[in-house]
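*Asks:* Just a sequence and a predicted model for now, questions to come.
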Amino acid sequence: MVAMLAELPDLWDVNVAGALGNDSKSARFSPEGYQEDYIRFVKTLTTKPVVSVGRFTSPDRMVEQIKKGVQDFIGAARPSIADPFLPEKIRQGRTDEIRECIGCNICRAANNEAISLRCTQNPTMGEEWRRGWHPERIASYPKRDTALVVGAGPAGLEAALTLARRGLDVTLAEANRHLGGRIAHESTLPGLATWGRVRDWRMTMLAKLPNVQIFRESRMTAGDITDLNPDHLVLATGSRWRRDGVGVVGMEPLSFPNALTPDDVFSGTPTPGPVVIYDDEHYFMGGALAEKLARSGHAVTLVTPYPQVSGWTVYTDEQGFIQDRLMSLGVTLVTQHMLSAQGADYARITCATSGEPRDIACQSLILVTGRQPIDDLWQTLHSRPNTVRVGDCLAPSSIADAVYSAHRYARLLGEPDLPPRRERPNHRSA
């Protein structure tokens, strides 16, 4: 077909479609430029310009496509959502400042949910007109105040960066040696290495600012904070996974005395098999842990109350890929079942429809359910003036929500919190 029509169009826009999951594959299931094998032949059949997509985020990879003769220019929708000034930064030689797309498909989820577009990397996405938030420019704060940000996860890094860009003197204190908070763990899961860009870009930009101090291995107490007495205190201390089974469907706390959580897995707690993962969160964590453990040779059963595994990833166009991956790895999938009890060598699950219980072999039970804020400092210091919580410390959610929460606080500090502009039809008569 391409050969027959080769010279008729003004331009060939070539894409592997059929399903949006193929058109917009996440980084978890595709490398950068993954469509090359499917579309490189087009240039050999036509003299007209060819453009394609494939989640291009690296300028080097973009140039490689041109020099190899795969295409004539680059289609970059998601990368332009993450950084609308990507071409300008390449032109100016500021490639280290490009806010690279991480391929999480939160933007696809917003589209599929029919809500305002959002982006994990770019908290101003969708707010440029509604709130007047420019992706690269921000108003200076009228005073040279001091700010202490406690916690260097995605919210803490974003808060520190935005406050510093506004001109405050910022101190960022992190209890651990490594910055990134939850990202330091989640980016080690299969296919999620690009998520580390949320941390890396902000660290790069913070290093360019003279009014920021970063202290690692500095666990702050309420007394420490009182002694420092910053003008503004931002608590970004994150969250921890629950151990009582409370999640999206299961709302009653239960007792699972020997159960583990993702926090335990990341800290290196042994997980002898057979392993049962109970996923009542329904995003990426349950499926990604199942893949990680299956690849390590464990016998894994994934149990979920939903009719399909990782049910929320329908919105990120990943659910089919996740289910196929887990099945190919030999993970046993048990859907529409609730976890009801844990024994010495079994987990008891109950059919969500019939209520019929059954036991499955289990040496390690991992609960992927809800999360609770780590808000000890907040409970002690909440009455202190100019003290706020951001990110998971305020409301555990996605990385995108954590970054947005921190950015919104820092951008609006000292500014009026006006309602967003809304488009209204013009009812004037002709």
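*Replies:* Here it is on my side, so go on. Numbers count the residues shown, from 1 in each chain.
*Asks:* Number of residues surrounding Val16?
*Replies:* The tally of other residues near Val16 (other CB atoms under 10 Å) stands at 16. From N, CA and C alone the C-beta is placed, and that goes for glycine too.
*Asks:* whoops, Thr146 was the one
*Replies:* A count of nearby residues for Thr146, using other CB under 10 Å, gives 17.
*Asks:* so what's it up against?
*Replies:* Thr146 is in contact with 168-171, 230-232, counting by CB atoms under 8 Å, 6 or more residues apart in numbering.
*Asks:* The residues you listed, buried ones only, as a PyMOL selection?
*Replies:* The PyMOL selection below is limited to those of these classed as buried (16 or more other CB atoms under 10 Å):
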select buried, resi 168+169+170+171+230+232
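*Asks:* element containing Thr171?
*Replies:* Thr171 belongs to strand 169-173 when elements are defined using DSSP states H and E.
*Asks:* Relative to that strand, what are the paired strands and their orientations?
*Replies:* Partner strands and pairing direction for strand 169-173 (DSSP bridges) are strand 146-150 (parallel), strand 212-215 (parallel).
*Asks:* now for the ones you listed, which one comes closest to Ser58?
*Replies:* Checking the strands paired with strand 169-173 against Ser58 by CB to CB gives strand 212-215 as the closest, at 26.6 Å.
*Asks:* so which of the strands paired with strand 169-173 gets nearest Thr304?
*Replies:* Minimum separation from Thr304 across those (CB to CB) falls at strand 146-150, 34.8 Å.
*Asks:* So Val390 sits against Ala155, correct?
*Replies:* Yes: using CB atoms under 8 Å, Val390 is in contact with Ala155, at 4.7 Å.
*Asks:* who touches both of those two?
*Replies:* Contacts common to Val390 and Ala155, judged by CB under 8 Å, 6+ apart, are 236, 402, 405-406.
*Asks:* Tabulate the contacts of Thr146 (JSON lines), appending distance to Ala299.
*Replies:* Conversion of those to JSON lines gives the following (distance: CB to CB, whole Å):
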{"residue": "Leu168", "distance to Ala299": "52"}
{"residue": "Asp169", "distance to Ala299": "54"}
{"residue": "Val170", "distance to Ala299": "48"}
{"residue": "Thr171", "distance to Ala299": "48"}
{"residue": "Pro230", "distance to Ala299": "51"}
{"residue": "Asp231", "distance to Ala299": "55"}
{"residue": "His232", "distance to Ala299": "51"}
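*Asks:* what's the domain layout of the chain?
*Replies:* In terms of domains, the chain is parsed into 2-113, 146-238+374-412, 241-372 (source: automatic domain parsing).
*Asks:* quick one, which of those domains is packed in tightest?
*Replies:* Mean neighbours per residue, mean count of other CB atoms under 10 Å, is largest over the domains of the chain for domain 146-238+374-412, with a mean of 20.
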